[in-house]
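Novice: below are the sequence and a predicted model; questions follow.
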Amino acid sequence: MGGYAVTPGEVGRRQFLAVAGSAALAAAGTACSSPSTEGSPRSGERASFPDGFTFGLATSAYQVEGATTADGRGRSIWDTFATKPGTIDDGSSGAVACDHYHRWEADLDLLKGLSATSYRFSVAWPRVLPEGRGQPNAKGLDFYRRLVGGLRQRGIEPVATIYHWDLPQALQDAGGWGVRESADWFADYAAILFDALPDVGTWLTVNEPKIIVQQAYQLGWMAPGLQDTHLSGRVLHHLHLAHGRAVQAFRASGNAGRIGACPVVSPVYPFTETDESRAKAALSDITENTLYLDPILRGRYPRLDGQEPAMVAGLRSAERDGDLAVMSTPVDLLGLNYYSPVFVDDFGQPRMRYPVASNGWQQVYPRGLHDVLVRLHRDYGLPLMVCENGIPDAAGQSPLEDPHRVDFLRGHLLAVHDAIADGAQVLGYHAWSLMDNFEWARGYTQRWGVLHVDFETQQRTRKKSADWLADVMAHGSVPRS
Ligand code: GCO
């Protein structure tokens, strides 16, 4: 069994394990295949999804919109971060990205052409509130009104993320997520969206708080690029509080529709069948998952001994009586992003057991998605929605030929199918991503789309995986082979 240990403490900090990528690929040579595709299905056999299950694709504002100075948009922390030398692999930014701000109609036509029934996008806070608070920018709101209307016209369900990492710089200057007021700012911003966009059927509050805490505030790899573990604990607490306050604002708005959180989940398994490995996996499960689930869904923090002491001290310094009740205001669903499992050895070190994607951090293990859906259903009893799941282009592939992505999507969709058969209520599935885009600190060096984007011409072209997914979405069923 190939194994590969990364630096202590880096488990789950997936974006930046890329440096270790080639070694990981070499080490993963003996990887096992997906349990979901085991056996020999008869050719032509398909797995059908329940009526009402939605299939779609996901993007986020800063990664696709571009037009960062158009129509009064304010500056975000990513605009600032990307100008700092050495932060983005190719020295790029989201200033143009896919120019989706201007090309959204054609993009929605492409989405419709793929037979998607759902689209997950995010709203850029600095487009709506250039200074983060105060008077909304009508032109910014209009963009999202047109987008939501355009989706509805095409029979596609809008799934809107309120915050996908692009905090207005003015709010960062006022302390960002490190100060308690951030929860008020967020709730006020969310209330503006609930009022302006009543046709959004599903709202997601904060995308992947774990990545904000770990990569933006502990490791400094994401905007705002800080390395302050104590502060990261405060940020964690305030992000949960902001989530709860937004859910309250949603209820107060009287809007129809549903709202929930959107953590990235990583099922954690012992690497070996030893008591040590199991104990370390249980500890890592708190760092990876329950720290971001229990406060908002159970109204309590999990055991914090064994977590980073400075982070815990920061969290405790932010906590006030009554916060957990606000954080755990009941939601309607739980969104989740799934990319990779985590395997932990006797020493608490992350190990690679399954094939590793070209990004170097992602183990391809579809069964992990099944396991995490069944577990979330068991532990929290909420309807679930897969909001992101995908893989970057393979190293050296020709631009439109991505059979590994077809295998990935098939394996994971079959895992969702199995989880539904095992009792999980899963409302829908979104592949990451509709199109190649600005992959944060990786810039444009990693392509995650089912649509290829030529960033010189902005031409979009279907990859093989887009054709495959279009067939799945048109039929509501997945070929088993
Ligand atoms: C995330 C973000 C996406 C990424 C995607 C690929 O999960 O990090 O939600 O914006 O682009 O996951 O890394």
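Specialist: Arrived safely. Numbering: from 1, shown residues only.
Novice: C-alpha only now, for contacts and for neighbours.
Specialist: Fine.
Novice: where along the stretch 51-200 of the chain do the strands fall?
Specialist: 54-58, 118-122, 157-163 (DSSP state E, counting those that start in this stretch).
Novice: what would those look like in a markdown table with distance to Asn255?
Specialist: Below are the strands of the stretch 51-200 of the chain laid out as a markdown table (distance: least, C-alpha to C-alpha, whole Å):
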| stretch | distance to Asn255 |
| --- | --- |
| strand 54-58 | 21 |
| strand 118-122 | 18 |
| strand 157-163 | 14 |
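Novice: quick one: closest of those strands to Gly233.
Specialist: Gly233 lies closest, by C-alpha to C-alpha, to one member of those: strand 157-163, at 18.9 Å.
Novice: run through who's touching the closest one.
Specialist: 117-125, 148, 151-152, 190, 199-207 (C-alpha atoms under 8 Å, 6 or more residues apart in numbering).
Novice: just stretch 86-98 next, same as before
Specialist: The contact list for stretch 86-98, computed with C-alpha under 8 Å, 6+ apart, reads 62-68, 78-79, 81-83, 85, 221, 436-438, 440-445, 453, 455, 458.
Novice: then stretch 51-58?
Specialist: Here stretch 51-58 makes contact (C-alpha under 8 Å, 6+ apart) with 116-121, 387-388, 426-434, 473, 476.
Novice: go with 6 Å
Specialist: With C-alpha atoms under 6 Å, 6 or more residues apart in numbering as the contact definition, stretch 51-58 has outside contacts at 116-121, 427-434.
Novice: can you get me a residue count around Arg152?
Specialist: Neighbours of Arg152 under the rule other C-alpha atoms under 10 Å: 16.
Novice: mind pulling up the pLDDT for it?
Specialist: We have a pLDDT of 98 for Arg152.
Novice: what's the pLDDT at the most centrally placed residue in the chain?
Specialist: In the chain, the residue lying closest to the centroid (C-alpha atoms, centre = their mean) is Asn337, at 4.6 Å. Looking at Asn337, its pLDDT stands at 99.
Novice: over to Gly175?
Specialist: Per-residue pLDDT puts Gly175 at 98.
Novice: just the buried ones among the contacts of stretch 86-98, please.
Specialist: 62-68, 78-79, 81-82, 221, 436-438, 440-445, 453 (16 or more other C-alpha atoms under 10 Å).
Novice: these in helices, which ones?
Specialist: Among those, the members falling in helices (DSSP state H) are 62-64, 78-79, 81-82.
Novice: quick check: the two most widely separated of those residues?
Specialist: The widest separation within these (C-alpha to C-alpha) is 16.8 Å, between Val64 and Phe81.
Novice: with mean neighbour count as added columns, please give the strands of the stretch 51-200 of the chain in TSV.
Specialist: Listed next are these as TSV, based on neighbours: other C-alpha atoms under 10 Å:
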stretch	mean neighbour count
strand 54-58	25
strand 118-122	25
strand 157-163	24
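Novice: which one, of these, ends up nearest to Asp422?
Specialist: Comparing the strands of the stretch 51-200 of the chain against Asp422 with C-alpha to C-alpha, the closest turns out to be strand 54-58 (18.7 Å).
Novice: state the paired neighbours of that closest one in the sheet, together with their directions.
Specialist: Using DSSP bridges, strand 54-58 pairs in its sheet with strand 118-122 (parallel), strand 426-432 (parallel).
Novice: and those as a markdown table, adding distance to Ser266 and mean pLDDT?
Specialist: Output for the strands paired with strand 54-58, formatted as a markdown table (distance: least, C-alpha to C-alpha, whole Å; pLDDT from 0 to 100):
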| stretch | distance to Ser266 | mean pLDDT |
| --- | --- | --- |
| strand 118-122 | 21 | 99 |
| strand 426-432 | 16 | 99 |
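Novice: between those strands, which gets nearest to Leu241?
Specialist: Comparison of those against Leu241 by C-alpha to C-alpha identifies strand 118-122 as nearest, at 19.8 Å.
Novice: tilt between that closest one and strand 157-163?
Specialist: Calculated by axes from the mean of the first three to the mean of the last three C-alpha atoms, to 10 degrees, strand 118-122 forms an angle of 20 degrees with strand 157-163.
Novice: surely Ala61 touches Ser122?
Specialist: Yes: if you go by C-alpha atoms under 6 Å, Ala61 and Ser122 touch, sitting 5.2 Å apart.
Novice: now Gly348: how far from Ser60?
Specialist: Distance, Gly348 to Ser60, using C-alpha to C-alpha, to the nearest Å: 33 Å.
Novice: and if you look at Phe343?
Specialist: Distance from Phe343 to Ser60, by C-alpha to C-alpha: 29 Å.
Novice: comparing the two, which shows the higher neighbour count?
Specialist: Neighbour totals were compared for Phe343 and Ser60, and Phe343 leads with 28 against 23 (other C-alpha under 10 Å).
Novice: okay, and the beta partners of that one?
Specialist: In this entry, Phe343 is beta-bridged to Tyr269, Arg351, by DSSP bridges.
Novice: residue contacts, it?
Specialist: 268-271, 350-351.
Novice: element containing the nearest residue to Val416 once chain neighbours are set aside, please.
Specialist: Once flanking residues are discounted, Val416 sits nearest to His370: 5.7 Å by C-alpha to C-alpha, 6 or more residues apart in numbering. Here His370, judged by DSSP states H and E, is contained in helix 366-380.
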